[in-house]
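Engineer: Need coordinates for the below:
(one chain, ligands or ions: 1)
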Amino acid sequence: MAADIVDVAIVGAGPAGLAAAIEARQSGLSVTLLDEQAATGGQIYRAVDAASALKRSVLGEDYAAGAQLTRQFADSGARHIAGAAVWNVGRDLTVNYLCGGANQSLQARHIILASGAMERPFPISGWTLPGVMGAGAAQILYKTAGALPSEPVVLAGCGPLLYLLASQYLQAGVKLKAVIHTTQRRDYVRASAHLAGAIRGWRDLRKGMRMFSQLSKQRVPVYAGAEALSIQGTHHAEAICFTHKGQSHRIESSLILLHQGVVPNTQLSWSLRARHRWDNAQLCWAPETDEYGQIEKTGIYIAGDSRGIVGAKASASQGRLAAIAIAGALDRLAPGDRDRRERAVRSELDNQVLVRPFLDALYRPPAAHRMPADDSVIVCRCEEVTAGQIRKYAELGCQGPNQTKAFGRCGMGPCQGRLCGLTVTELLAQVRGLPPDEIGYYRIRAPIKPITIGELAAD
Ligand SMILES: Cc1cc2nc3c(=O)[nH]c(=O)nc-3n(C[C@H](O)[C@H](O)[C@H](O)COP(=O)(O)OP(=O)(O)OC[C@H]3O[C@@H](n4cnc5c(N)ncnc54)[C@H](O)[C@@H]3O)c2cc1C
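Structural biologist: Take a look at the predicted model:
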């Protein structure tokens, strides 16, 4: 029924989705935004509207600033469907979602996928033990529930989010037993080639420097350039082991937070059979789109970190660009207005991504923490498939990730390969001596979120 067709359906209420919705509403488009979370904000601004003054001050001004975006969205006249897990998006511009236990769908003229990023897997020995979790996951616990570690904690890995959490924990009074970071001299050398761009984006650099100086002021032991991380424990994490300056170390802790960057959440774009390319700078898959984020003239756009990691501000700009393109396509923006708005957003976006090549080079996660040499390390957590098993499948003739499903159910658990997909691609590429582009990825199909037969049948 025509009355049920919305101009733009947006999946994801992070900076990209919110900014897209606000921009689309300014052109008078009808907008429905769906997100599986209870409130708007996405990862960075998660639960910002409900956050106390104390929490906002602990999480910092970048977090608190999100309240302005969520307020603008609330005032925009867009419809927000909270708690909606989108399990299918079709090329016929249908969106299927599960909300409150009921399976529902909507039809749109255009769709913007703004499903964001997720933490990169960190497959090392012991990473599946209780007491080990992602730094991003620990941050979610604080943002949503105010939960903080009660005992001294170890943070290990690399990437801005690791240092951000360290600084937020210090602000909240959490004791840090150690920060172990894996950035090596070779990473600094590689990153120096992109210093010019980074200096032009100096604000981000300054923030990073402040976090480091905070660690040293509070006398947190920092092990820079650590290698060969592994976690020991029988039923629970007991210690983290690593080498530093040629010496072996073992630090006891029952809570170890790992992090080595974030990667695009591409389940929806893969399920749409969009072409993806292996991004060698970010070591992940990125969907191929036109300059507005559109997949092959489908009317389906991708904005924000799910298109390639760009950070919160650039994600918002990409969301706005997609909305401007859609308003233009629906003749809701005069060509002159469209060009003017597009030029303004593009110039912001160009500045926002200046620092990215520097960050990608500096925080490139080491191969040993992406493709574990230890055959006993679990790669697919849902089905408990190890690195050794994946190597064996390759020796037996397994060509790509999709076949690992037939060999040993790898990637067939509840997360549908979200957590193991990158590791499986890289491990197979390593064994077969081929680039990841030739190895490919899982063939992702709907439902991309768990839905029961009963819920489907009730529709
Ligand atoms: C755990 C984590 C914590 C982070 N914390 C910070 C931080 O503190 N500071 C910072 O600068 N950057 C942080 N980042 C990076 C930050 O997420 C991004 O730069 C920025 O938020 C990207 O914005 P986005 O709009 O593209 O996606 P996001 O903000 O990630 O928003 C995506 C939204 O899509 C929703 N979604 C995804 N799939 C579906 C689906 N199938 N159905 C329904 N909804 C769906 C998610 O619930 C989410 O709300 C974090 C990243 C992660 C993974």
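Engineer: Count the residues that sit near residue 100.
Structural biologist: Neighbourhood size, residue 100 [other CB atoms under 10 Å]: 8. The C-beta positions use only the backbone N, C-alpha and C, and glycine is treated the same way.
Engineer: my guess is it meets residue 83, correct?
Structural biologist: Yes. Under the criterion of CB atoms under 8 Å, residue 100 makes contact with residue 83 at 6.5 Å.
Engineer: Up against the ligand, what does this structure have?
Structural biologist: Residues of the chain lying close to the ligand by CB under 6 Å from any ligand atom are 11-17, 34-37, 42-44, 62, 84-86, 114-119, 136, 139-140, 161, 164, 262, 265, 304-306, 311-312, 315, 449.
Engineer: just the buried members of the residues you listed?
Structural biologist: Among the residues of the chain next to the ligand, those classed as buried by 16 or more other CB atoms under 10 Å are 11-17, 34-37, 42-44, 84-86, 114-119, 136, 139-140, 161, 164, 262, 265, 304-306, 311-312, 315, 449.
Engineer: show me what contacts residue 104?
Structural biologist: Shown in contact with residue 104 (CB atoms under 8 Å, 6 or more residues apart in numbering): 84, 96, 97, 98, 459.
Engineer: Restricted to strands, list the buried ones among the residues of the chain next to the ligand.
Structural biologist: In this view, these that belong to strands under DSSP state E are 11, 34, 35, 84, 85, 86, 117, 118, 119, 262.
Engineer: now, among the contacts of residue 104, which is nearest to the ligand?
Structural biologist: Lowest distance from the ligand to these (CB to the nearest ligand atom) belongs to residue 84, with 5.9 Å.
Engineer: if I look at that closest one, how far off is residue 72?
Structural biologist: To residue 72, residue 84 is 21 Å away according to CB to CB, to the nearest Å.
Engineer: which residue does the stretch 151-300 of the chain bring closest to the ligand?
Structural biologist: For the stretch 151-300 of the chain, CB to the nearest ligand atom, closest residue to the ligand: residue 262, 4.5 Å.
Engineer: which residue sits closest to that residue, ignoring its sequence neighbours?
Structural biologist: residue 117 (3.9 Å; CB to CB, 6 or more residues apart in numbering).
Engineer: nearest residue to residue 285 other than its sequence neighbours?
Structural biologist: residue 276 (4.5 Å).
Engineer: beta partners for the one you found?
Structural biologist: residue 287 (DSSP bridges).
Engineer: That one touches residue 289, doesn't it?
Structural biologist: No. Using CB under 8 Å as the test, residue 276 is too far from residue 289 to be in contact (10.3 Å).
Engineer: Now do the contacts for the residue nearest the centre of the chain.
Structural biologist: Most central in the chain under CA atoms, centre = their mean is residue 117, positioned 1.6 Å from the mean C-alpha point. For residue 117, the contacting residues are 43, 262, 263, 264, 265, 305, 306, 309, by CB under 8 Å, 6+ apart.
Engineer: For it, name its beta-bridge partners.
Structural biologist: residue 264.
Engineer: State the pLDDT value of it.
Structural biologist: pLDDT for residue 117: 98.
Engineer: what sits against whatever residue of the stretch 201-350 of the chain ends up closest to the ligand?
Structural biologist: Closest approach between the stretch 201-350 of the chain and the ligand, counting by CB to the nearest ligand atom: residue 304, at 2.3 Å. By CB under 8 Å, 6+ apart, the contact set of residue 304 is 12, 14, 15, 16, 17, 114, 116, 310, 315, 316, 318, 319.
Engineer: Ok, residue 74 next?
Structural biologist: For residue 74, the contact set (CB under 8 Å, 6+ apart) comprises 40, 80.
Engineer: measure it to residue 41 for me?
Structural biologist: Per CB to CB, residue 74 is found 11 Å from residue 41.
Engineer: and if you look at residue 272?
Structural biologist: Residue 272 sits 25 Å away from residue 41, going by CB to CB.
Engineer: neighbour count winner among these two?
Structural biologist: Shown here are residue 272 and residue 41; by other CB under 10 Å, residue 41 has more neighbours (25 against 22).
Engineer: wouldn't that one be in contact with residue 48 here?
Structural biologist: Yes. Counting by CB under 8 Å, residue 41 does reach residue 48; the two are 4.9 Å apart.
Engineer: which residues do these two both contact?
Structural biologist: 66, 70.
Engineer: mind listing the helices for the stretch 151-300 of the chain?
Structural biologist: 160-172, 185-192, 195-200, 202-217, 267-271 (DSSP state H, counting those that start in this stretch).
Engineer: residues of the fourth one that come out buried?
Structural biologist: Translated: helix 202-217. Neighbour-count burial for helix 202-217 flags 204, 205, 207, 208, 211, 212, 215 (criterion: 16+ other CB under 10 Å).
Engineer: Equivalent analysis for the first one, please.
Structural biologist: For helix 160-172, a neighbour-count test (16+ other CB under 10 Å) marks 160, 161, 162, 163, 164, 165, 166, 167, 168, 169, 170, 172 as buried.
Engineer: Check the third one too.
Structural biologist: Of the residues in helix 195-200, those scored as buried under the neighbour-count criterion (16+ other CB under 10 Å) are residue 198.
Engineer: next one: that helix to chain centre, how far?
Structural biologist: Centre-to-centre, helix 195-200 and its host chain are 24 Å apart (CA atoms, centre = their mean, to the nearest Å).
Engineer: What lies in contact with that helix?
Structural biologist: 191, 204, 205, 351, 354, 355, 356, 357, 358, 359.
Engineer: Any regions of this structure where pLDDT drops low?
Structural biologist: Counting by pLDDT under 70, the chain shows low-confidence ranges at 1-3.
Engineer: what residues go with each domain of it?
Structural biologist: The record assigns the chain these domain ranges, following automatic domain parsing: 2-118+263-333, 121-260, 371-439.
Engineer: Mind putting the ones you listed into JSON lines with distance to residue 445?
Structural biologist: Formatted as JSON lines, the domains of the chain follow (distance: least, CB to CB, whole Å):
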{"stretch": "domain 2-118+263-333", "distance to residue 445": "6"}
{"stretch": "domain 121-260", "distance to residue 445": "21"}
{"stretch": "domain 371-439", "distance to residue 445": "9"}
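Engineer: Just say which of those domains is most tucked in.
Structural biologist: With neighbours defined as mean count of other CB atoms under 10 Å, those peak in mean count at domain 2-118+263-333, which reaches a mean of 21.
Engineer: Of all the helices of the stretch 151-300 of the chain, which one comes closest to residue 105?
Structural biologist: Nearest to residue 105, of all the helices of the stretch 151-300 of the chain, is helix 267-271, at 15.0 Å by CB to CB.
Engineer: Just list what the one helix or strand residue 55 maps to packs against, helices and strands only.
Structural biologist: Here residue 55, judged by DSSP states H and E, is contained in helix 53-59. Packing partners of helix 53-59 (3 or more CB pairs under 8 Å, 6 or more residues apart in numbering; DSSP states H and E): helix 61-64, helix 135-145, helix 160-172.
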